[in-house]
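Asks: all I have is the shape, not the residue letters:
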């Protein structure tokens, strides 16, 4: 079974607290291969960096392969 990670970007910061937006997912298969799917591309103040965060157990994504 694949591990699922969210791809996040820091959209803004307000009073020292970051506002994060999910832009897609990364799947890591048992054999170590990785795939990414972007739902949206950040624009504007995006510096090109994304954070990879392991998905919580309650959220599910339909695998594309």
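Replies: Sure, I can see it. Quantities reported herein were computed from a predicted structural model and do not represent experimental measurements.

Asks: tell me which element the closest residue to residue 49 other than its chain neighbours is part of?
Replies: In space, and not counting its chain neighbours, residue 49 is closest to residue 9: 7.3 Å by Cβ to Cβ, 6 or more residues apart in numbering. Quick note: C-beta positions are derived from backbone N, CA and C, even for glycine. Element membership of residue 9, judged by DSSP states H and E, is strand 3-14.

Asks: that strand pairs with which strands, parallel or anti?
Replies: Pairing partners of strand 3-14, with direction, according to DSSP bridges: strand 17-28 (antiparallel), strand 51-54 (antiparallel).

Asks: ok, residue 42 - contacts?
Replies: 9, 11, 21, 23 (Cβ atoms under 8 Å, 6 or more residues apart in numbering).

Asks: so how far is residue 53 from it?
Replies: 15 Å (Cβ to Cβ, to the nearest Å).

Asks: do residue 23 as well
Replies: 12 Å.

Asks: of the two, who's got more company?
Replies: residue 23 (19 against 13; other Cβ atoms under 10 Å).

Asks: is it true that that one touches residue 37?
Replies: No - using Cβ atoms under 8 Å, residue 23 is not in contact with residue 37, being 9.8 Å away.

Asks: residue 25: neighbouring residues, count only.
Replies: Neighbour tally, residue 25, other Cβ under 10 Å: 21.
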